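In: Got a sequence here, can you model it:
(chains A and B)
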Amino acid sequence: METPSERLAELILERLVEQGLVLPRNTKRLLARLAKGEMNAQDWRLELEKATKHEEES
Amino acid sequence: MAALTVYQAKYLAWELTRKLPPEDEGRLAMAVAGAQVDLNPHQVEAALFAFRSPFSKGALLADEVGLGKTIEAGLVLSQRWAERRRRILVITPANLRKQWLQELTEKFFLPCRILEARSYKELVRQGIPHPFEADDIVICSYQFARSKGEDIHRIPWDLVVIDEAHRLRNVYKPSNVIANALKETLGDRPKLLLTATPLQNSLLELYGLVSFVDDHVFGDLKSFREQFANLNQADVFDTLKARLRPVCHRTLRRQVTAYVRYTRRQPLLEDFTPEVDEERLYALVSEYLQRDNLQALPPSQRSLMTLVLRKLLASSTFAIAGALTSLRDRLRAKLQAQEPELSLEDELDEDYETLDEVAEEWPADTNGGTSSAGERQALEREVADLGSYIDLATSIRQNGKGVALLKALRVAFEKARELGAAQKAIIFTESRRTQTYLLDLLSRSEFADGILLFNGSNTDAGSRAIYQEWLGRNADTDSVTGSRTADMRSALVDYFRDQGRIMIATEAGAEGINLQFCSLVVNYDLPWNPQRIEQRIGRCHRYGQQHDVVVVNFLNRKNAADQRVYQLLAEKFQLFEGVFGVSDEVLGAIESGVDFEKRVADIYQRCRRTEEIEAAFDRLQQQLSAEIDLAMTRTRQQLLEHFDQDVVERLRGRDQTSRAALNRFERRLMDLTRFELGHHADFETESSFRLLSNPFPELNDQMPLGLYALARRSGHVHTYRPGHPLAEAVVYCARERDLQPARLRFHYDGFEGKVSVLEPLRGQSGWLRVSLCRVESLQQVEEHLVFAAQTENGSALDGETAEKLLIPPGEIVGSPVEGALEVARVALASLTDAEQQRIERRISERNAHYLEAEAEKLDAWADDLKVSLEGEIKDLDRQIKEARRAATAALTLEEKLACQRQVRNLELQRNEKRKSLFSAQDDIDRQRGVLIERLEELVERQASRRVLFEVQWTLT
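Out: Below is the predicted model of the structure:
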């Protein structure tokens, strides 16, 4: 059963993937961490930079 | 030259591009003129040494560290490339691949690419079945070369460069798998081996390396041992030295101080004390990593992953928090029977960027601890433990080392001020997360201005803004390559040089960049691999650095192991002090940097108590000392090094001749370009011009309009070099122009210099024919311009004077008088024949010299093998003597009989050997004969000649 936090995290990640700010392959991994509030500034930055690099390379 | 004619242009074009003989001083001029780097005479000397003889199978360049072996190799590669021998492979340790790529691309404009597992697979997927068969230079790691042996073997490489070649010095031992596999794979392809430490523990290593280059320099291992075991005998020593001379070349730093300015390294050590929670986190994670059974780490990669986690733990709490979260999430997924999206290696690699490189050299664990999968309780316990570590790590907002960094920066900047150096610092870290933490920390401090990041992706907002600004500023210059990665790196380096103050870099990101304008290197975390540290410091402490370089390190005084590692790196490897950086002897003592890193990691993993740690490091230190064989160091000095004074004088001569050759080449190129471009260009100086319109519209996209300057002149223009499409087109036009006989008038007064041999010819006229003579021998082609000239009254001019006629400005004044040329041609033809004969004789004498040297080498090789066979007989003689003595000493009849039987058996063996010795010796002679026959075939010459132009000249 999905919790409200998980549902919200799912929606947020969908938007982030759409915007090219998170790599689709990482959403599953990030979902639980986002729902539990375990993402810190360094994590976000790393995810964002990876996604941007991927976009630029492709 | 004030004005040229198309005839003089044709002459210049051929002079610039003709294929020169191997001993010609100007042979490297084209490579040197095309290099965006100031070359030193020892580098030109080394490049000329390699493949000096056409028979050469290669060379071992063994300069001391810091003399630019990559530049030497770059010159050889450029030369090969210019000769269109372009199947070139560079094998290098994984962590130096990017540096090679950068140096060859930026300094020598050579197209190259790195081939590794991922790119190889991608190419195969795209339908390219043999990715090593490339149009550009291929760079790959040792491990990758070994794993793709079959691919590499099938390609007839024109040159294989092997960097850090001391890794191959144990090739004589069958146990050295990589070296033997590479030897087999590369066979007799021409090779260039680069190492600062060709000889460390045994003379046999030198045998190994030389045999890797050329199997016919020495016979077999046995004969080498037998002949050169006792180097105390002067003649033995001299023989070995003489046999090494054609293959090994070594220059020392003290021999080049006239050309290379060396500055010192100054260490600055900042102690720090971790906060209580940091210490607790360290202890907990350390204990976790030392557990026998861990579910989170793949058994085959246990030691590698443990190393990475330890490095992240030592880097910052932010770095380890991220890694622990990855481990926990993977275990959670395992509990839910889900497959993780990425491998652990890939996940950790996102933060610890050098992981893929370390992994390439790190052997898989054979008994990496058992993972009793399926124990749900154990998994849950581990998840819970990891969760508690993560909570602790994320609760820590400030790191003791971070505080120490601010303090150290204040001191270091002050020191830089005292030294008169720029107020710039580069801070290195191994972790992306730590990099972000440092950015936050410094942004909130007095060092907030002028910070920039440098890492593997460079996609942060600051970097992107710098990049956009740089692109705008450098539009229409060669600085913009079109590759985002390369251009971004240039943009960040330029920004750091011109405006930045602190660059926070991950070492993987900063590999290969040159920061000689910065003299503060901060190791926020310290790699255990000494070669990596050397690479970091070498970004700043390199050719062109004007100030002493301050190296800042941090030391946790509460951590016994950290202290001992630092001590080893500082005192044993001498990384942070002195003029020359890492000690060749010590670095050479270890098989590789990763090998040392592994030994250190093992101590961290095994030892729990301080006494255990101390004892383990004592042992490691002893092992290192034992591996540094001082006697062998002395032997190396005597064998491979030459008297300083001789070398210094030779280099002085080389400096003058190579400078003269370079100046001549560049002057000719600019004279020709000025003539061919005409109104299309505006020549601003002797080394630069502005292209106003394009004379070659079909090549429009390859030669943008704007300012062009010769290499090494200025960074913000197009580099005009022999390989540039514009230069190639200019030379091609002039060279291939079809020229009918003409009357030319040369104006001696219009020439600014003085050509003494021409002065007596003023007021005279005559005939000149320039021909191209092409001689093919020893699988090489050389081209000579043959000048034949005479005056109207029939006196012949020598070739040198005839050539000089083309120097003064000239003009075409009409066609030769009908019939006169036909008459003159008879004399010109015979003069040309005579000149060609002289050229061919010179070639013949030179080739005879090469052939003799090669034959001597093969004779020595054959003698070695015979020595080896005779050695076996001597060995049996000795055994027979011993058996006879034993028989005499035996007391009982049975014993005596047994000994006699043994004597008899040995005698039979010896007699058999004697009989077979002759046929074996004959066999060796046969092999030698076959090799010599092959040489003789190569020596056969083929010459052809064609007239380039004929003119009737007048000198006023």
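
In: Would you mind pulling up the elements that the lengthiest helix in chain A packs against?
Out: If you go by DSSP state H, chain A has its longest helix at helix A:41-57. On a contact count with 3 or more Cβ pairs under 8 Å, 6 or more residues apart in numbering or on different chains; DSSP states H and E, helix A:41-57 meets helix B:317-335, helix B:344-351, helix B:432-443. Where you see a C-beta, it was placed from the backbone N, CA and C, and this is true even at glycine.

In: Including distance to B:Leu772 and mean neighbour count, could these go into JSON lines?
Out: Shown next, in JSON lines, are those (distance: least, Cβ to Cβ, whole Å; neighbours: other Cβ atoms under 10 Å in any protein chain shown):
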{"stretch": "helix B:317-335", "distance to B:Leu772": "65", "mean neighbour count": "23"}
{"stretch": "helix B:344-351", "distance to B:Leu772": "57", "mean neighbour count": "20"}
{"stretch": "helix B:432-443", "distance to B:Leu772": "59", "mean neighbour count": "23"}
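
In: I'd say B:Ala50 and B:Gly58 touch.
Out: Yes: the criterion here is Cβ atoms under 8 Å, and B:Ala50 meets it with B:Gly58 at 7.2 Å.

In: ok, back up a step: any chance of the helices and strands packed on helix A:41-57 in TSV, plus mean pLDDT and distance to A:Glu56?
Out: As requested, the helices and strands packed on helix A:41-57 are exported to TSV (pLDDT from 0 to 100; distance: least, Cβ to Cβ, whole Å):
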stretch	mean pLDDT	distance to A:Glu56
helix B:317-335	92	23
helix B:344-351	87	16
helix B:432-443	95	17
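
In: Dump these into TSV; add distance to chain A as well.
Out: Shown next, in TSV, are the helices and strands packed on helix A:41-57 (distance: least, Cβ to the nearest Cβ, whole Å):
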stretch	distance to chain A
helix B:317-335	5
helix B:344-351	6
helix B:432-443	4
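
In: Name the nearest residue to B:Trp362, ignoring sequence neighbours.
Out: Closest residue to B:Trp362 apart from its sequence neighbours, by Cβ to Cβ, 6 or more residues apart in numbering or on different chains: B:Leu304 at 4.7 Å.

In: who's in contact with that neighbour?
Out: Counting by Cβ atoms under 8 Å, 6 or more residues apart in numbering or on different chains, B:Leu304 touches B:Glu345, B:Val358, B:Ala359, B:Trp362, B:Asp365.

In: Quick check: it vs chain A, distance?
Out: Between B:Leu304 and chain A the distance is 21 Å, computed by Cβ to the nearest Cβ, to the nearest Å.

In: what mean pLDDT does the host helix or strand of that residue have?
Out: Assigned by DSSP states H and E, B:Leu304 belongs to helix B:302-315. Averaged over helix B:302-315, pLDDT sits at 94.

In: partners of the one helix or strand B:Arg946 maps to, with directions?
Out: Assessed by DSSP H and E, B:Arg946 sits inside strand B:942-955. Sheet pairing here is set by DSSP bridges, and for strand B:942-955 it gives strand B:742-746 (parallel), strand B:765-777 (antiparallel).

In: looking at the ones you listed, which is closest to A:Arg15?
Out: With Cβ to Cβ as the criterion, A:Arg15 lies closest to strand B:765-777 of the strands paired with strand B:942-955, at 69.6 Å.

In: right, and the helix or strand after that closest one?
Out: Per DSSP H and E, the first helix or strand lying C-terminal to strand B:765-777 is strand B:780-791.

In: Okay, angle between that following strand and strand B:942-955 too, please.
Out: 30 degrees (axes from the mean of the first three to the mean of the last three Cα atoms, to 10 degrees).

In: For the helix or strand that strand B:780-791 is followed by, what is the distance to the chain centroid?
Out: Note on strand B:780-791: by DSSP H and E, the next helix or strand toward the C-terminus is strand B:796-797. How far strand B:796-797 lies from its chain's middle: 49 Å, per Cα atoms, centre = their mean, to the nearest Å.

In: pLDDT of strand B:796-797, averaged?
Out: For strand B:796-797, mean pLDDT rounds to 92.

In: how about the next helix or strand after that strand: buried residues?
Out: Following strand B:796-797 in sequence order, the next helix or strand is helix B:799-804 (DSSP H and E). Within helix B:799-804, the residues that qualify as buried by neighbour count (16 or more other Cβ atoms under 10 Å in any protein chain shown) are B:Gly799, B:Thr801, B:Ala802, B:Glu803, B:Lys804.

In: Wait, B:Ile390 touches B:Asp329, no?
Out: No: using Cβ under 8 Å, B:Ile390 is not in contact with B:Asp329; the gap is 10.0 Å.

In: where does the chain dip in pLDDT?
Out: Using chain A. Scanning chain A for pLDDT under 70 picks out A:1, A:57-58.

In: try chain B instead
Out: For chain B, the stretches flagged by pLDDT under 70 are B:1-2, B:200-201, B:366-374, B:580-592, B:627-634, B:636-637, B:640, B:714-716.

In: Contact residues of it facing chain A?
Out: By the rule Cβ under 8 Å from any Cβ of the partner chain, the part of chain B lying against chain A is B:318, B:321-322, B:325, B:329, B:332, B:340-342, B:350-351, B:390, B:394, B:432-433, B:436-437, B:440, B:455-460, B:484.

In: any idea how far the strand holding B:Arg946 is from the chain center?
Out: Strand B:942-955 has its C-alpha centroid displaced from the chain centroid by 42 Å (Cα atoms, centre = their mean).

In: Is it possible to get CSV of the strands paired with strand B:942-955 that adds mean neighbour count?
Out: Listed next are the strands paired with strand B:942-955 as CSV, based on neighbours: other Cβ atoms under 10 Å in any protein chain shown:
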stretch, mean neighbour count
strand B:742-746, 20
strand B:765-777, 20
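
In: Using TSV, please lay out the ones you listed together with distance to B:Gln143.
Out: Output for these, formatted as TSV (distance: least, Cβ to Cβ, whole Å):
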stretch	distance to B:Gln143
strand B:742-746	63
strand B:765-777	40
